[in-house]
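A.B. asks: Fold the following and give me the result.
(one chain, ligands or ions: 1)
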Amino acid sequence: MAVVAQLSPSSYTETTRLSSSQLSLSSTHLSSLRRRAFRPIIGPRNPTISCSVNQVQAPVAVEQDDPKSKTNDCYGVFCLTYDLKAEEETKSWKKMVNIAVSGAAGMIANHLLFKLAAGEVLGPDQPIALKLLGSERSLQALEGVAMELEDSLFPLLREVKIGINPYELFEDAEWALLIGAKPRGPGMERAGLLDINGQIFAEQGKALNAVASRNVKVIVVGNPCNTNALICLKNAPSIPAKNFHALTRLDENRAKCQLALKAGVFYDKVSNMTIWGNHSTTQVPDFLNARINGLPVKEIIKDHKWLEEGFTETIQKRGGLLIKKWGRSSAASTAVSIVDAMKSLVTPTPEGDWFSSGVYTNGNPYGIAEDIVFSMPCRSKKVTSVCREMVIMNLSRM
Ligand SMILES: NC(=O)c1ccc[n+]([C@@H]2O[C@H](COP(=O)([O-])OP(=O)(O)OC[C@H]3O[C@@H](n4cnc5c(N)ncnc54)[C@H](O)[C@@H]3O)[C@@H](O)[C@H]2O)c1
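C.D. replies: Take a look at the predicted model:
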């Protein structure tokens with residue numbers, strides 16, 4: 001049985017969820033907030049969640065049997081949102097950013113959501129809304145996730161929605177982190193997996209095309225992520241193809257770690273690491289163009305046999321080895337790499353460096369087949385840009 005917050009009936013929503021900084025607002029400001037018009041509900045909302053214009057009532061706990069009945073809605077305490085217009089006036093907060101996450105009841109999301117809500121990605125003054133998409137089977141678990149988010153009292157987390165309909169959850173999304181995918185079961189052929197996931201990512205692409213922000217940045221994590229990203233972007237023709245990414249940042253991080261280990265340096269000394277190709281055992285981690293302390297790797301690591309044979313295989317098989325040890329696939333480090341990938345898309349890349357991402361290959365300078373999603377080196381030019389400028393390797397260095 002789920003317990004949700006319920007306010008008195010009316011056709012308006014938007015009340016207060018006070019954060020620590022808001023609690024220090026002056027009484028003049030608070031009374032101006034109370035006078036402010038509350039925003040009408042737009043679109044279908046749970047009729048049990050609303051409040052009067054002038055008076056905020058304490059939430060009443062009610063029992064709700066069917067979690068699906070509120071898949072359109074804000075979740076629990078997140079229905080008690082703050083008057084954002086007033087916040088904008090105070091200049092204390094930025095405009096809220098909508099982040100949609102699919103597979104939100106899964107292992108990776110269980111790490112990622114708390115990083116997002118803590119401000120690790122978009123900063124300590126950026127309020128966010130989390131739109132959590134699950135599968136029919138995971139809806140109950142999704143409620144558990146939302147309850148943990150409630151209990152964490154994140155000041156930046158202003159809205160949480162859970163549901164199974166991407167057309168509702170992707171509305172106005174500025175980020176879509178597509179983690180949910182069907183894993184390969186025992187005896188299942190790869191082609192069968194592609195078929196099922198193809199349908200999932202085609203539907204999610206269509207939903208993004210219909211309702212997401214035109215600037216939405218999409219990071220596809222669910223495997224096979226390169227193919228899924230391609231299917232997704234092909235179904236979202238109104239969104240620039242360059243906004244779609246297949247996550248290969250985890251492979252980049254793994255490669256940096258192994259080079260650092262071999263060279264005996266801390267891993268922040270490793271730069272210019274490219275993962276070429278797919279997030280799979282066919283990927284090529286590029287030690288030839290990577291650098292350690294600004295120098296070519298081969299000048300620092302003299303064991304060239306290891307570089308040419310051991311290194312590549314280690315990275316290609318790192319995920320499989322981790323599954324053997326852990327009994328499940330990497331979740332925490334994947335979440336960290338999603339955070340890294342997001343930051344790289346909104347932060348100018350340091351001069352001379354680059355990051356890896358699976359991107360749409362049209363017009364690529366490397367002679368890689370067109371019209372696929374392939375991981376390659378990318379740079380972000382300025383804060384608002386997505387990965388659009390491919391770094392041209394200096395082949396004479398190789
Ligand atoms: N690209 C990478 O670097 C990388 C790294 C690790 C894992 N992965 C992939 O990420 C995916 C998720 O991994 P996980 O460990 O979180 O798995 P998980 O099984 O713990 O969670 C996946 C969740 O997705 C949900 N789901 C399934 N179909 C869905 C749909 N159509 N819409 C929304 N949700 C749906 C499931 O119910 C489940 O809750 C897997 O495909 C995994 O192979 C990718």
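A.B. asks: list the contacts for the closest residue in space to Glu120 that isn't next to it in sequence?
C.D. replies: Once flanking residues are discounted, Glu120 sits nearest to Val339: 5.8 Å by C-beta to C-beta, 6 or more residues apart in numbering. Where C-beta positions appear, they are placed from N, C-alpha and C, glycine not excepted. Shown in contact with Val339 (C-beta atoms under 8 Å, 6 or more residues apart in numbering): 112, 115-116, 120-121.
A.B. asks: Would you pull up the residue in the stretch 151-300 of the chain closest to the ligand?
C.D. replies: Residue nearest to the ligand within the stretch 151-300 of the chain (C-beta to the nearest ligand atom): Gly180, separated by 2.6 Å.
A.B. asks: Are we agreed that the residue nearest to Glu120 is in a helix?
C.D. replies: Yes. Judged by DSSP: H, G, I helix; E, B strand; the rest coil, Val339 forms part of a helix.
A.B. asks: what's the spacing between it and the ligand?
C.D. replies: 13 Å (C-beta to the nearest ligand atom, to the nearest Å).
A.B. asks: Per-residue confidence at that residue, what does it come out as?
C.D. replies: Note on Val339: pLDDT of 98.
A.B. asks: Repeat that for Gly192.
C.D. replies: Value listed for Gly192 in the pLDDT field: 74.
A.B. asks: Give me the three-state assignment for it.
C.D. replies: Classification of Gly192 using three-state DSSP returns helix.
A.B. asks: Report the contact partners of it.
C.D. replies: Gly192 neighbours (C-beta under 8 Å, 6+ apart): none.
A.B. asks: Burial check on the nearest residue to Pro237 once chain neighbours are set aside, number of neighbours?
C.D. replies: Counting by C-beta to C-beta, 6+ apart, Pro237 lies nearest to Asn209, which is 6.6 Å off, once chain neighbours are set aside. Per other C-beta atoms under 10 Å, the neighbour tally for Asn209 reads 18.
A.B. asks: got the contact list for Asn209?
C.D. replies: Shown in contact with Asn209 (C-beta under 8 Å, 6+ apart): 235-239.
A.B. asks: which residues touch the residue in the stretch 51-200 of the chain that the ligand sits nearest to?
C.D. replies: Per C-beta to the nearest ligand atom, Gly106 is where the stretch 51-200 of the chain lies closest to the ligand, at 2.0 Å. Contact analysis of Gly106 by C-beta under 8 Å, 6+ apart lists 138, 179-180, 331.
A.B. asks: C-terminal to the helix or strand Met342 falls within, what's the next element?
C.D. replies: Using DSSP states H and E, the element containing Met342 is helix 332-346. Sequence order places strand 355-360 as the next helix or strand after helix 332-346, per DSSP H and E.
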